[in-house]
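Asker: with the input below, show me the fold.
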Amino acid sequence: MKELIKNRLAFGALIFIFVILAFALFAPLIAPYDPSAIDTDSILAAPSRIHILGTDPLGRDIFSRIVYGSRISLSIGFIAVGIAVLIGVIFGSIAGYYGGRVDSVMMRFVDIMLCFPTFFLILAVIAILEPSIFNIMAVIGVTSWMGVARLVRAEVLTLKERDYVAAAEVMGASDAWIIARHLIPNAIGPVLVSATLGIGGAILVESALSFLGIGVQPPTPSWGNILMDGKSTLGVAWWLTIFPGIFILLTVLAYNLLGEGLRDILEPGLKE
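Answerer: Numbers count the residues shown, from 1 in each chain. Predicted coordinates for the structure are as follows:
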């Protein structure tokens, strides 16, 4: 923690992430209005003391929708990355531990998956499935695990040559036990960095999907569909796009800065 505090950018990013997490956890206490409440007397109201970030074409308070939207955007980011990490860790550890033909076949599959542009692959799958929060989480996770798999494989290829792994094999430990007990815990550093960076990426993908109208569906607020609501009124209601855009930008930037800070701490050799 001391090393993280010394990195001012990473520590500042961590504080901002805690603020956004507080928005998500305590949304009913922080949001001044119901995010779905329609007020026909305040349609497209500019930012003021009553509505600090203005209102949308239905008179809904933008600040309240952004606060509640943080729940959706962060949930999708965390769960999608959790799915990607789970698949990637299992896939990469098996490929690295067994090596040889198993490794070759598995990593060629990873190479094939990497040939497809991830965002367009997600678009294709979402277009087939019914748009829902669960489907978005699953699709982003299932199409984003390849980088984690390659990181874990590289770590396991080195770790499996260590003496404690040889000792476990001599004692008759099963392959599954060695992978789960000795290899994965010691390969978790790069995975943590990748996961932190991945959360920002997942939030960005969800926002893009919702902006295109195939992500989180109204009236459920997310940062992406708040942006979508403002695209038709950009000339007269700039606050509909500026404020959610700023939250997306700062949140993604914060996770990227935190990930870079963790990388400098966990892998100091890369910094040098």
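Asker: from here on, contacts and neighbour counts on C-alpha atoms
Answerer: Fine.
Asker: which strands and helices lie in contact with the biggest helix by length in the chain?
Answerer: For the chain, the longest helix by residue count, based on DSSP state H, is helix 62-98. Judged by 3 or more C-alpha pairs under 8 Å, 6 or more residues apart in numbering; DSSP states H and E, helix 62-98 is in contact with helix 8-25, helix 27-30, helix 100-115, helix 133-142, helix 146-159, helix 188-211, helix 223-230.
Asker: which one of those lies nearest to Leu58?
Answerer: Nearest to Leu58 among the helices and strands packed on helix 62-98 is helix 223-230; the distance by C-alpha to C-alpha comes to 9.7 Å.
Asker: quick check: buried residues in whichever helix or strand comes after the closest one?
Answerer: Downstream of helix 223-230, the first helix or strand assigned by DSSP states H and E is helix 239-266. Neighbour-count burial for helix 239-266, counted by 16 or more other C-alpha atoms under 10 Å, picks out 239-241, 243-245, 247-248, 250-265.
Asker: same deal with stretch 44-57?
Answerer: Neighbour-count burial for stretch 44-57, counted by 16+ other C-alpha under 10 Å, picks out 44-47, 51, 53-57.
Asker: now, of the helices and strands packed on helix 62-98, which is deepest in the fold?
Answerer: helix 223-230 (a mean of 24; mean count of other C-alpha atoms under 10 Å).
Asker: pLDDT of that helix, averaged?
Answerer: Helix 223-230 carries an average pLDDT of 85.
Asker: what distance separates that helix from the centre of its chain?
Answerer: Here helix 223-230 is found 19 Å from its chain centre; the criterion is C-alpha atoms, centre = their mean, to the nearest Å.
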